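Asks: structure, please.
(one chain, ligands or ions: 7)
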Amino acid sequence: MDITETHVHTFGIEVILTEDGKTTPCCVHGPTLLFEKVSKAGEKGRRFFACSACRDRKDCNFFQWEDEKVSEARLLAREAENQSKRPPFSHQEYFTRFRTFSSLPLNEKIFCQDCQVLLLPGEHEAHSSHRSTSITPAQLTRPSVLLRPLDNKKSNAQYLFTDRSSHFLLDTLAALGYRRVLCVGTPRLQELIKLRNLEQKHEPMKSLLLDIDFRYAQFYSQDEFCHYNMFNHHFFGGESSSAILQTFLTECDGEKVVMVADPPFGGLVSPLANSHVKCRSANSNNSVAADMPMMWIFPYFFEPRILECLPSFSMLDYQVDYDNHPLYKHGKTGRKQTPVRLFTNISPRDVVLPEEEGYRFCSVCERYVWSFNKHCAKCNTCPSKDGREWKHCSTCKKCVKPSWRHCQSCGRCALPDHPCGHSEGKEGCFNCGSLQHKRKSCPLKGKHRINRWDRAFSSPHCAGMVQYLHDLTCSFAICVCVSLLPL
Ligand SMILES: C[S@@+](CC[C@H](N)C(=O)[O-])C[C@H]1O[C@@H](n2cnc3c(N)ncnc32)[C@H](O)[C@@H]1O
Ligand SMILES: [Zn+2]
Ligand SMILES: [Zn+2]
Ligand SMILES: [Zn+2]
Ligand SMILES: [Zn+2]
Ligand SMILES: [Zn+2]
Ligand SMILES: [Zn+2]
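Replies: Numbers count the residues shown, from 1 in each chain. Ligands and ions are numbered 1, 2, ... in the order given. Okay, here's the model as predicted:
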């Protein structure tokens with residue numbers, strides 16, 4: 001499937017996926033993405049390059065107009081800056097350090113919490129004023145527990161699976177017969193695979209982690225981890241690193257391979273989909289690879305965008321939850337329910353969702369659904385997306401959220417306090433962009449400010465920010481602090 005040169009609207013800004021082979025300037029996170037501002041009237045604005053990975057200028061302030069002439073001196077300065085931000089050791093060096101560290105006596109196994117590094121004997125002195133802790137061999141096998149989750153919500157959003165979700169994923173993949181798992185932004189899944197292999201109770205699985213968090217290079221060999229940016233399919237380790245992916249996918253000996261990706265929610269869908277396709281087709285000699293099975297973990301309100309980019313995918317009702325996400329947990333109802341779901345090209349009827357957690361099989365839809373997702377005979381589907389029980393509106397001829405009422409003057413279902421008669425105009429709430437209310441009644445006022453593209457981009461100073469708000473008809477938004485917020 002070819003999704004290059006697709007234009008995806010994101011609140012006044014389009015991401016323009018450039019043709020393969022066309023280079024863009026690089027920031028420290030690899031090739032930048034090309035953006036274009038689109039005015040309300042649909043006029044095209046000036047195009048510019050900005051960082052693919054960071055949605056906050058504070059994290060990466062790269063900005064360049066597409067037609068801008070950049071002086072030699074600035075290019076050199078940029079290159080020097082990119083160099084200076086590289087990790088202090090190469091992956092090879094990190095792994096040699098890991099070997100040395102593993103062989104140290106227990107009382108010398110020290111981890112510096114401030115620097116997030118495993119310390120070798122000669123290095124304790126330099127970190128003596130830092131917070132440090134001694135490490136057991138068991139802790140060494142659980143880097144995702146040891147390492148502090150990157151708290152930079154906007155760029156990294158390191159939300160780690162609960163045991164419930166990670167075990168469900170692994171059990172499901174094993175039951176489906178997969179023996180190789182490409183873990184894209186899922187360090188905890190990779191960790192669980194390795195731990196299970198040690199138990200020797202299950203058939204062994206191979207895994208390869210691709211993640212932008214270079215701290216993992218301290219724990220995994222070059223065959224197990226690649227420093228990778230999933231928004232531009234960039235391997236920081238260059239060709240030798242991308243060759244590892246290729247080998248992983250090619251050396252199959254009949255072992256079924258699957259890819260599992262859990263990108264930060266602030267991410268733009270089309271560049272992600274583009275990278276996922278590139279990842280899956282990295283296996284050069286196998287046409288099957290283009291249709292390699294995949295699970296993409298993302299909030300349900302991205303369903304239309306994901307399906308637009310990957311039409312063979314479907315969304316499953318399974319609710320993924322995270323240990324360190326303060327708000328969204330499994331099993332809660334309504335707005336406290338986790339909005340995170342699985343998108344997959346694996347046949348939904350084959351993915352068995354656990355009955356004891358409240359899922360059931362709908363024999364009409366031929367898939368497992370959440371218990372509150374009742375089949376509607378008129379729509380001939382189990383319609384609920386958000387986990388609540390939806391109800392059928394005979395005028396709209398579709399099922400809608402339980403809180404919506406049919407409005408005669410708007411001719412559609414909406415929240416009871418919607419700005420009536422304004423559904424055609426785009427004058428929603430100035431704070432969060434919702435069309436359902438005005439700024440004075442914004443539930444997020446004072447708490448969070450939701451950045452709208454057209455406001456964020458009204459000053460060139462903010463133009464490096466890649467920030468968007470999801471589909472306005474949903475009940476969640478993504479705030480500038482990139483927490484998911486109920487609306
Ligand atoms: C939402 S977390 C998913 C973690 C997963 N739930 C787990 O428990 O293994 C996002 C992951 O993607 C990684 N990540 C963030 N931005 C990335 C990028 N541009 N490229 C690759 N990985 C990225 C983060 O380091 C983090 O591990
Ligand atoms: Zn950058
Ligand atoms: Zn330190
Ligand atoms: Zn159904
Ligand atoms: Zn219906
Ligand atoms: Zn209606
Ligand atoms: Zn109305």
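
Asks: any residues of the stretch 101-250 of the chain in contact with ligand 1? List them.
Replies: By the rule CB under 6 Å from any ligand atom, the part of the stretch 101-250 of the chain lying against ligand 1 is 150, 156-161, 185-189, 211-213, 228-231. To be clear about C-beta, it is placed using only N, CA and C from the backbone, and glycine gets the same treatment.

Asks: buried subset of those, written for PyMOL?
Replies: Here is the PyMOL command that selects the buried residues among those (16 or more other CB atoms under 10 Å):
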select buried, resi 156+157+158+159+160+161+185+186+187+188+189+211+212+213+228+229+230+231
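
Asks: which ones among the residues of the stretch 101-250 of the chain next to ligand 1 are found in helices?
Replies: Using DSSP state H, 187-189 are the members of those that sit in helices.

Asks: report the buried residues of stretch 93-111.
Replies: For stretch 93-111, burial by neighbour count (16+ other CB under 10 Å) applies to 94-95, 97-98, 101, 109-111.

Asks: could these go into JSON lines alongside pLDDT and secondary structure?
Replies: Shown next, in JSON lines, are those (pLDDT from 0 to 100; DSSP: H, G, I helix; E, B strand; the rest coil):
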{"residue": "Tyr94", "pLDDT": "96", "secondary structure": "helix"}
{"residue": "Phe95", "pLDDT": "93", "secondary structure": "helix"}
{"residue": "Arg97", "pLDDT": "97", "secondary structure": "helix"}
{"residue": "Phe98", "pLDDT": "97", "secondary structure": "helix"}
{"residue": "Phe101", "pLDDT": "97", "secondary structure": "helix"}
{"residue": "Lys109", "pLDDT": "97", "secondary structure": "coil"}
{"residue": "Ile110", "pLDDT": "97", "secondary structure": "strand"}
{"residue": "Phe111", "pLDDT": "97", "secondary structure": "strand"}
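
Asks: may I ask which two of the residues you listed are separated the most?
Replies: Farthest-apart pair in the buried residues of stretch 93-111 is Phe95 and Ile110; separation 18.4 Å (CB to CB).

Asks: that's a helix at Thr100, yeah?
Replies: Yes - according to DSSP: H, G, I helix; E, B strand; the rest coil, Thr100 belongs to a helix.

Asks: wait, what's in contact with it?
Replies: By CB atoms under 8 Å, 6 or more residues apart in numbering, the contact list for Thr100 reads Leu120.

Asks: was I right about Glu224 contacting Leu210?
Replies: No - taking contacts as CB atoms under 8 Å, Glu224 lies outside contact range of Leu210: 10.5 Å.

Asks: between these two, which one's more packed in?
Replies: Leu210 (26 against 19; other CB atoms under 10 Å).

Asks: what sits against the more buried one?
Replies: With contacts defined as CB under 8 Å, 6+ apart, Leu210 is in contact with 182-185, 225-226, 228, 230, 245, 279.

Asks: could you rerun that using 6 Å?
Replies: Residues counted as contacts of Leu210 (CB atoms under 6 Å, 6 or more residues apart in numbering) are 184, 226, 228.

Asks: please report how far the closest residue to ligand 5 within the stretch 201-350 of the chain lies from Ser347.
Replies: Here the stretch 201-350 of the chain gets closest to ligand 5 at one residue, Asp317, 16.5 Å apart by CB to the ion. According to CB to CB, to the nearest Å, Asp317 and Ser347 sit 15 Å apart.

Asks: same deal with Arg142?
Replies: Arg142 sits 33 Å away from Ser347, going by CB to CB.

Asks: of those two, which one has the most company?
Replies: Each of Arg142 and Ser347 has its neighbours counted (other CB under 10 Å); Arg142 has more, 16 against 12.

Asks: Ser221 - how many residues pack around it?
Replies: Neighbour tally, Ser221, other CB under 10 Å: 14.

Asks: how far away is it from His234?
Replies: 21 Å.

Asks: just the pLDDT for Leu487.
Replies: pLDDT for Leu487: 35.

Asks: do the same with Gln158
Replies: 83.

Asks: that one and Pro149 touch, don't they?
Replies: Yes - applying CB atoms under 6 Å as the test, Gln158 and Pro149 come out as touching, 4.1 Å apart.

Asks: next up, the contacts around Trp65.
Replies: Phe48.

Asks: show the pLDDT at it.
Replies: On the pLDDT scale, Trp65 gets 91.

Asks: so what pairs up with it in the strands?
Replies: With DSSP bridges as the criterion, Trp65 is bridged to Phe48.

Asks: near ligand 3, which residues of the chain show up?
Replies: Within reach of ligand 3 by CB under 5 Å from the ion, the chain has these residues: 112, 114-115, 127, 130.

Asks: turn those residues into CSV, columns for pLDDT.
Replies: Converted to CSV, those look like this (pLDDT from 0 to 100):
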residue, pLDDT
Cys112, 97
Asp114, 95
Cys115, 94
His127, 96
His130, 97
